[in-house]
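J.: Turn this into a model:
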Amino acid sequence: MAKRQIAIVTIEVLRWARNLDKITVEEAAKYTGVTVERLRSWEDGKDLPTVKQTKKLAKKYRVPFVYFYLQEPPKDIKIPKSTDYRTFKNISFEEPRSRELLYTLRDIIDRREVMIELYRELEYDTIPFDYKIDNRDSIKNIATYIRSLIDLTYEKQIKFRDSRNAFNYYLEAFEELGILVFQAANIDPREMRGMSVYKKIFPIIIVNRKDAINARIFTLFHELVHLLTKTPGICDNMSSFTEKANDDIEVFCNKVAAKTLVPRKNLEEYTDLDYFKDQGIEDRLIGSIARNFAVSRAVIIGRLYELNKISLPIYLKKLKQYSSEYIQNKKKSKGFLPPSKDIPSQVGKLYSRTVLSAYNQELITPIIASGYFSGLRLQHFPKIEGWCFQ
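T.: Numbering: from 1, shown residues only. You can find the predicted model right below:
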């Protein structure tokens, strides 16, 4: 029988890590597969966990495994300072509610610090985010400016044909601006649909992977406006027209995002729009227009309402219909991503390329590289390389 390998951990760090996100002793014990008494004995210094058990604790507490070998708890754990945290009705709270959101907040800041350190080791030049807009300017001018930033034309949008192609284009375009774009995998969209953290170097946008692709596209642009106006925060409501969007900056971000994705000039090229006002909306045509712009049907009818092509009652009726259909489709959709796609999807190409470059140049060890990918095994690295360097 193989001898158990004991981990010589620091008990103060064990207690600190568990309390970081208010995880109970019972939760930690159940996850690790031990009794509450056994886990307490580790924290009291009467016993020590095995290496395998310690790795389980690191995964549960969402801290690096090596932390447990520090002489004392680290003092530089950070959570981004945003303007506020918005709930379903954009009501402000002093701190986020769910543990998963807390995990995400810590993860994105850790990743940003990893990027800064690896850029230094690789001797890469960082890209300062010097872009900005004046929210006193017209929304049309701001939307035109954003389209020019990412070299977006209507001809390109037509050629996307599929929302995922559009989403991937926008991800890479945003990363070229020096923005770290991450995707949250386990947060309820009702709590967080998008988030931004403004920094001069490597500002952050995070979208919710549980949302539909079209919804994530809109969130990307909504959060970009937050960065350009230096008003970061956590957002969950993307409607410009309902009473839930009662915060001025949220309404502003929504309107800019909508006009950026669906310029008036291109939308009015559709000659059937005036038909809607007299005869009502034809869902097939709305769906066709939405595909051409690679946006949701809700964004199209919102723009039609703004342009006085449909009435408010029709807009609200159709919004309710499309929202209901969206919820039903989400209930039916189930998917599993293999590790080689799951983690890269969460961290993005810019981050993945940077970590792999440092690993390939032997600036970081295999264990550290794996840790930067949330413990992803080295056997998955070739697939990630093929994806992010293509």
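J.: just for this structure, where's the confidence low?
T.: Residues of the chain meeting the criterion pLDDT under 70: 1-3, 76-97, 232-247, 274-280, 330-335.
J.: name the helices or strands packed onto the helix or strand encompassing Gln157?
T.: Using DSSP states H and E, Gln157 maps to helix 154-160. Identification of packing neighbours for helix 154-160 by 3 or more CB pairs under 8 Å, 6 or more residues apart in numbering; DSSP states H and E yields helix 163-176, helix 283-293. All C-beta spots, glycine's among them, are computed from the backbone N, C-alpha and C.
J.: give me that answer again for 10 Å
T.: Judged by 3 or more CB pairs under 10 Å, 6 or more residues apart in numbering; DSSP states H and E, the packing partners of helix 154-160 are helix 139-149, helix 163-176, helix 264-267, helix 283-293.
J.: residues in contact with Leu122?
T.: The contact partners of Leu122, by CB atoms under 10 Å, 6 or more residues apart in numbering, come to 354, 357-358, 361, 363.
J.: Most neighbours among these, which one?
T.: The residue in the contacts of Leu122 with the most neighbours, by other CB atoms under 10 Å, is Thr354 (24 neighbours).
J.: Quick check: which of the helices and strands packed on helix 154-160 is nearest to Val51?
T.: Closest to Val51 of these, according to CB to CB: helix 163-176, at 36.7 Å.
J.: Now do the closest one: everything it contacts.
T.: Contacts for helix 163-176 (CB under 10 Å, 6+ apart): 127, 149-152, 156-157, 159-160, 162, 179-181, 183, 203, 205, 207, 212-217, 220-221, 223-224, 227, 261, 290-291, 293-296, 348-351, 353.
J.: rerun that using 8 Å as the cut-off
T.: Contact with helix 163-176 is made by 149-152, 156-157, 160, 181, 205, 213-214, 216-217, 220-221, 224, 291, 294-295, 348-350, as judged by CB atoms under 8 Å, 6 or more residues apart in numbering.
J.: Just the buried residues of those.
T.: 149-150, 152, 157, 160, 181, 205, 213-214, 216-217, 220-221, 224, 291, 294-295, 348-350 (16 or more other CB atoms under 10 Å).
J.: Please narrow those to those residing in strands.
T.: Mapping these onto strands (DSSP state E) picks out 181, 205.
J.: what number of residues lie near the nearest residue to Lys156 once chain neighbours are set aside?
T.: The shortest distance from Lys156 to any non-neighbouring residue, by CB to CB, 6 or more residues apart in numbering, is to Tyr169 (7.5 Å). By other CB under 10 Å, 19 other residues sit near Tyr169.
J.: same deal with Tyr69?
T.: If you count neighbours by other CB under 10 Å, Tyr69 ends up with 13.
J.: give the contact list for it.
T.: Residues near Tyr69 by CB under 8 Å, 6+ apart: 7-10.
J.: Pull out the buried residues from the longest helix seen in the chain.
T.: Counting by DSSP state H, the longest helix found in the chain is helix 99-122. Neighbour counts over helix 99-122 (16+ other CB under 10 Å) mark 100-112, 114-115, 118-119 as buried.
J.: and if you look at stretch 61-71?
T.: 61-65, 67-68.
J.: farthest-separated two in the residues you listed?
T.: Greatest spacing in the buried residues of stretch 61-71, by CB to CB: Arg62 and Phe68 (13.0 Å).
J.: Determine the residues that are contacts of both of those two.
T.: Counting by CB under 8 Å, 6+ apart, nothing touches both Arg62 and Phe68.
J.: What separation do you get for Arg284 and Arg297?
T.: Between Arg284 and Arg297 the computed distance is 11 Å (CB to CB, to the nearest Å).
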